[in-house]
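Trainee: Kindly generate the corresponding structure for this input.
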Amino acid sequence: MIPRIAAGFARHLASYDTAATAQAQIADRLAARIAPRIAPAARMLELGHGTGFLTRQLARLDPAEIWLNDLVAPLPALRWPDATRVQALPGDAAALRFPAGLDLIASASMLQWLADPAALLHRAAQALCPGGLLAVSSFGPGNFPELAGLGLPPGAPSYHDAAGLCAALPEGMQVLAAWDESIPLVFPDARALMAHLRATGVNGLRAGHLSAPGLRDLMRQMNRAGPTTLTYRPSYCMARKC
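Mentor: Below is the predicted model of the structure:
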C-alpha cells in the first residue's frame, strides 16, 4: 500500500495545491485550534506536510525548531523566522524515529493512509514533553459517501471519526477538543469530479481497479444521479500530554 500511495501523490504534487481545497480548509481549521495553545520558541513535528497547507500556519507560530515529515513531497518553499531551525524527516511516518521532548506534533489529512494510526498516536504521545500538544485530523468512515453509494471501495485503509481518534489515544493524554465536519464540493459533471480526485492523487486508489469501460459506466451513473457532489468528512482530535 505504501508504494502505491507514494506513487499516486508523487505524480500529482504539481496540481495538489490548487485542487486540494478541502484539505486546505482542514489545515486552516486545525491550525486555528493549535495557535492559541502554543507558545513561541516551541519544538514541533509535522507529519505528512505535503505541499505545506498546515506548515504555512505553523511557521507563523515562530517555532524554535521544527521537523517536517512527508512520504514523497519535498520541503515546502516557505520563508521561516530567522531563529527557526527546520529539519527534514522524510519517509513513512509509521516507521520514523521521532525526536524527543516535543511541544507539538501535528498532522492534517494523513492518518487515514496508515494501516495502524493508533500505533503512531502512541509513539507521538511518547515523544511529547509534559504539557505537549497532539493535534491531528483524519477522515471519518462516511468520507466520500457518493462514491461508496456507487460501490467503490474505501480509498484509504483507516478511517476514524473524532470519537475513534480519541479512543486510539494512549493513557496520559487529555482530550481538549474533538469534532467532525462535512465539506461538500460540487462539480459540473462526473468528469470534473474524477479530475479533482486525480489532481489530488486519490483517483488511483479509489477507481484505479476499474477498466476504462467500467469507469465510463460509473461516470454515466453519477451524471444521471446528479447533482455531482463529493463530500469530505474530516475528523479532528486535539489532546495534551498530562
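Trainee: Now do the same contact list for residue 75.
Mentor: Residues in contact with residue 75 (CB atoms under 8 Å, 6 or more residues apart in numbering) are 49, 68, 86, 88. Placement of C-beta: from N, CA and C, glycine included.
Trainee: and the last one, how many neighbours does it have?
Mentor: Spelled out, that is residue 88. 12 (other CB atoms under 10 Å).
Trainee: so what's the backbone phi/psi at it?
Mentor: phi -80, psi 140 (degrees, to the nearest 10).
Trainee: Report the contact partners of it.
Mentor: 67, 68, 75.
Trainee: I would like the residues contacting the host helix or strand of residue 223, please.
Mentor: Following DSSP states H and E, one finds residue 223 within helix 212-225. Helix 212-225 has contacts (CB under 8 Å, 6+ apart) with 146, 150, 152, 189, 190, 191, 193, 194, 207, 210, 228.
Trainee: are any of these buried, and which?
Mentor: With neighbours counted by 16 or more other CB atoms under 10 Å, those contain buried members at 146, 190, 193, 194, 207, 228.
Trainee: My reading is that the third one lies in a helix. Confirm?
Mentor: Yes. When classified by DSSP: H, G, I helix; E, B strand; the rest coil, residue 193 is found to be part of a helix.
Trainee: which residue packs closest to it, ignoring adjacent ones?
Mentor: Leaving aside its sequence neighbours, residue 193 sits nearest to residue 187 (CB to CB, 6 or more residues apart in numbering; 4.3 Å).
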